[in-house]
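# heads up, no residue letters with this:
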């Protein structure tokens, strides 16, 4: 697997957030820095790569990232939303979505949810396209 130019840039940005100076990160942060741009290495692999090291250089990190499959955030988002699409129409009820966003995970305020709904296209039946929602999330992520 090879990283695209965009993925390489994202990986470099993630690395720079943890850079201790001199192009190296604390080896204990390797898993976090690999997962930040979308890789999902097994914890056992991360432990193997960290073994006996106190630091990981940017070159070592990028070599490891070249071997990783990068996840497409949009596709990762689709499956949870499909749970709310019981009819298989590709659309979800805005009221139900508002309830879920307000009560699960990192709770969004009523104002944050309202702003998101204002920017998304809701049809006359009070439904929102899953594709539109994912595109909206990708744009404002």
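Sure thing, it's come through. Just so we're clear, the structure is a prediction, and the values are computed from it rather than from any experiment. Numbers count the residues shown, from 1 in each chain.
# contacts, neighbours, all on C-alpha from now
Noted.
# How much space separates the residue lying closest to residue 108 once chain neighbours are set aside from residue 94?
In space, and not counting its chain neighbours, residue 108 is closest to residue 102: 5.3 Å by CA to CA, 6 or more residues apart in numbering. Noted for residue 102: a distance of 12 Å to residue 94, by CA to CA, to the nearest Å.
# Would you list the phi and psi of residue 92?
Note on residue 92: backbone dihedrals following degrees, to the nearest 10 are phi -130, psi 150.
# make that residue 93, sorry
Dihedral angles (degrees, to the nearest 10) for residue 93: phi -70, psi 130.
# wait, what's in contact with it?
84, 126-128 (CA atoms under 8 Å, 6 or more residues apart in numbering).
# hmm, which two among these are most spread apart?
The largest separation in the contacts of residue 93, counting by CA to CA, is between 84 and 126 at 13.4 Å.
# Mind checking which of these two has more residues around it?
residue 84 (17 against 12; other CA atoms under 10 Å).
# picking up where we left off before, save the contacts of residue 93 as a markdown table, and put in pLDDT and secondary structure too.
Shown next, in a markdown table, are the contacts of residue 93 (pLDDT from 0 to 100; DSSP: H, G, I helix; E, B strand; the rest coil):
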| residue | pLDDT | secondary structure |
| --- | --- | --- |
| 84 | 81 | coil |
| 126 | 86 | coil |
| 127 | 88 | strand |
| 128 | 85 | strand |
